[in-house]
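A.B. asks: output the structure for:
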Amino acid sequence: MNMQVAKNTVVTLDYSVADFEGGLVDAGQEPLVYLHGGYDDIFPLIEEAVQGKKIGESVVVKMQPDDAFGEYDAALVQVEPRAQFPEELQVGMQFEGVPEGSDDDDDDEEDVLIYRVTEMADDKVVLDGNHPLAGMALVFTCTVTNVRPATADEISHGHTHHGDCDEEE
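C.D. replies: Sure thing, here's the model as predicted:
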């Protein structure tokens, strides 16, 4: 039986992501597995494109920054004193942080961003809270490799379970 991608199915995609010039951005080493049907498990444009597809069918989705990782936000770049960081700091290392000027609501973890170290000087460190692909228009190419009905647990939790959740099946 060849299921179609529909609400409350778990979809497996082999994918790759390129920029509009064709440069590979993400080779998609691991398949993408997500719960289909508006659970915010994947970009909405991709979800729309694979709706109704069967195993073996492919789609190509062109996404502007707003549809993907957002516009590049210069306000998310911060310069911090070098002394605040561990000794073995390197460009490319990542830290969790809260953007300057965000409200300090204790229960609002939405404000926590991953900051990448992009530059280091003698006593300063430049941190960038933008996603590495922010501001880029992307071409997402994928092939449906598996479709299965989601379990009741997956639907109630709003995401797939890859066996890394310790639950009784």
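
A.B. asks: how near is the residue of the chain most remote from its centre to Arg116?
C.D. replies: Most distant residue from the mean C-alpha position of the chain: Asp122, 33.0 Å away (Cα atoms, centre = their mean). According to Cβ to Cβ, to the nearest Å, Asp122 and Arg116 sit 20 Å apart. C-beta coordinates here come from the backbone N, C-alpha and C atoms, glycine included.

A.B. asks: what residues sit buried inside the lowest-mean-pLDDT helix or strand in the chain?
C.D. replies: For the chain, counting by mean pLDDT, DSSP states H and E, strand 94-97 ranks last in confidence among helices and strands (a mean of 89). Going by neighbour count (16 or more other Cβ atoms under 10 Å), the buried part of strand 94-97 is Phe95, Gly97.

A.B. asks: can you dump the C-alpha atoms of stretch 130-147 in CSV for me?
C.D. replies: Once non-C-alpha atoms are left out, stretch 130-147 reads as follows in CSV (Å, rounded to 0.1, in the frame of the first residue of the first chain):
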residue,chain,number,x,y,z
ASN,A,130,21.3,34.9,13.4
HIS,A,131,20.8,31.4,12.0
PRO,A,132,23.8,30.6,9.6
LEU,A,133,21.3,30.6,6.7
ALA,A,134,19.4,33.8,7.7
GLY,A,135,19.0,36.2,4.8
MET,A,136,19.5,33.5,2.2
ALA,A,137,17.0,32.4,-0.4
LEU,A,138,17.1,28.6,-0.5
VAL,A,139,16.1,25.8,-2.9
PHE,A,140,15.0,22.8,-0.9
THR,A,141,14.9,19.6,-3.0
CYS,A,142,13.4,16.5,-1.4
THR,A,143,12.1,13.0,-2.2
VAL,A,144,9.5,11.2,-0.1
THR,A,145,11.1,8.0,1.1
ASN,A,146,8.6,6.8,3.7
VAL,A,147,5.1,7.7,4.9
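
A.B. asks: only the buried residues of it, if you could.
C.D. replies: Going by 16+ other Cβ under 10 Å, stretch 130-147 has these buried residues: 130-131, 133-134, 136, 138-144, 147.

A.B. asks: kindly present these as CSV, with separate columns for secondary structure, distance to Val60 and pLDDT.
C.D. replies: Formatted as CSV, those follow (DSSP: H, G, I helix; E, B strand; the rest coil; distance: Cβ to Cβ, whole Å; pLDDT from 0 to 100):
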residue, secondary structure, distance to Val60, pLDDT
Asn130, coil, 25, 95
His131, coil, 22, 92
Leu133, coil, 17, 93
Ala134, coil, 22, 95
Met136, coil, 16, 95
Leu138, strand, 11, 97
Val139, strand, 6, 97
Phe140, strand, 7, 96
Thr141, strand, 5, 97
Cys142, strand, 8, 97
Thr143, strand, 10, 97
Val144, strand, 13, 97
Val147, strand, 19, 97
